[in-house]
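K.L.:
Model the following, please.
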Amino acid sequence: MSETEVTTAPRPLLLADGTPADRAWSLDPALKHLNHGSFGAVPLVAQERQELLRVQMERSPVVWFPALPEKLAATRARLAEFLRVDAGDLALVPNASAGASVVFAALSLRPGGEIVVTDHGYGAVTMGAERLARRHGGRVRTARVPLDADEEQAYEAVAAEFSDATQLVVVDQITSATARRLPVERIGAEAGRRGIPVLVDGAHAPGLLDAPLAGATYDFWTGNLHKWGCAPRGTAALVARGPLRELLYPLIDSWAAAEPFPDRFDQQGTIDATSYLAAPAALDFVERTWG
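P.N.:
Residues are numbered from 1 along each chain as shown. Predicted coordinates:
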């Protein structure tokens, strides 16, 4: 390696006017914010958009809430474009764990049924899988994936836990605790061949992967837009394909319960949906500024 290669610092990320990129956020300048993965950080343009929406909501709630389902449907279409999926497959949920909880609430296990998870799984999601198993007298099998495993070894470790008793596979796309990119495409294909439903926890995928759902076989996928996508917190997608998706309902019943998936998720009483509606402002800002 040459001396130039050793001493040259990376170019700082700048805004269009040449100012440092972090000026577009309201982050404390005394801290170096490196961790979008835990709670995210919302750019000012999206904060301002959300505040404007809240003002509209509070000025006339009786106008706002009846019109909300139509606004959410339009927002879903924009977010589906970002994720490169069909808007008719995408429901809005507060976070990826909520998406997983929707799936767990909808499914049942046959006697002796098993759910396969990995030892890299997000704790809250794994606990949800364990509750589902307990409700139906089933069990959870944990695939052990070594930290130094390559893609083939990771796939083999998960697929080795499949059996005739397996009734659900839960696998992270990018793991929270260990930042592993697991081969969900191969895992999903093998599970699909065996007729086993698959839930992909893509909490960290939006904003890190260009097209996180491309080429994957799955029944359910859920991912956060408020992490690396920088959308307002409480913004996530639940994407479902195939016949099992008609079993999915919001965790809170409301007047749209008789509507098909995903429309039934667009009306949930008096929830503050401004995080969903302001999410495109964040995505558009990042794309417009840096591509």
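K.L.:
where along this structure do the helices fall?
P.N.:
For the chain, applying DSSP state H gives helices covering 3-7, 44-59, 61-83, 96-106, 123-135, 151-159, 184-193, 274-290.
K.L.:
Including mean pLDDT, could the ones you listed go into a markdown table?
P.N.:
A markdown table is the format used below for these (pLDDT from 0 to 100):
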| stretch | mean pLDDT |
| --- | --- |
| helix 3-7 | 60 |
| helix 44-59 | 98 |
| helix 61-83 | 97 |
| helix 96-106 | 98 |
| helix 123-135 | 97 |
| helix 151-159 | 98 |
| helix 184-193 | 97 |
| helix 274-290 | 96 |
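K.L.:
closest one to residue 238 among those?
P.N.:
Of all these, it is helix 96-106 that lies closest to residue 238, at 3.8 Å by Cβ to Cβ. Placement of C-beta: from N, CA and C, glycine included.
K.L.:
Output the closest one as PDB, nothing but the C-alphas.
P.N.:
Taking C-alpha atoms only, helix 96-106 is exported to PDB below (Å, rounded to 0.1, in the frame of the first residue of the first chain):
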ATOM      1  CA  ALA A  96     -40.600  -4.800  12.300                       C
ATOM      2  CA  SER A  97     -41.400  -6.400  15.600                       C
ATOM      3  CA  ALA A  98     -45.000  -5.300  15.200                       C
ATOM      4  CA  GLY A  99     -45.000  -6.900  11.800                       C
ATOM      5  CA  ALA A 100     -43.700 -10.100  13.200                       C
ATOM      6  CA  SER A 101     -46.300 -10.000  16.000                       C
ATOM      7  CA  VAL A 102     -49.100  -9.600  13.400                       C
ATOM      8  CA  VAL A 103     -47.800 -12.800  11.700                       C
ATOM      9  CA  PHE A 104     -47.500 -14.700  15.000                       C
ATOM     10  CA  ALA A 105     -51.000 -13.600  16.000                       C
ATOM     11  CA  ALA A 106     -52.400 -15.000  12.700                       C
END
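K.L.:
what residues does that helix touch?
P.N.:
With Cβ atoms under 8 Å, 6 or more residues apart in numbering as the test, helix 96-106 has contacts from 91, 93, 122, 124-125, 128-129, 131-132, 170, 199, 201-203, 220, 222-224, 236-238, 244, 247-251.
K.L.:
got it, and stretch 202-210?
P.N.:
36-37, 82-83, 95-97, 122, 172-176, 212-213, 221-225, 227-230, 236-237, 286.
K.L.:
Among the helices of the chain, show me which one is buried the most.
P.N.:
Ranked by mean neighbour count, these are led by helix 96-106 with a mean of 23 (mean count of other Cβ atoms under 10 Å).
K.L.:
Not counting its own residues, what contacts stretch 76-84?
P.N.:
Contacts to stretch 76-84, defined as Cβ under 8 Å, 6+ apart, come from residues 86-87, 89-92, 206, 211-214, 223, 225, 229, 237, 239, 262, 266, 279-280, 283.
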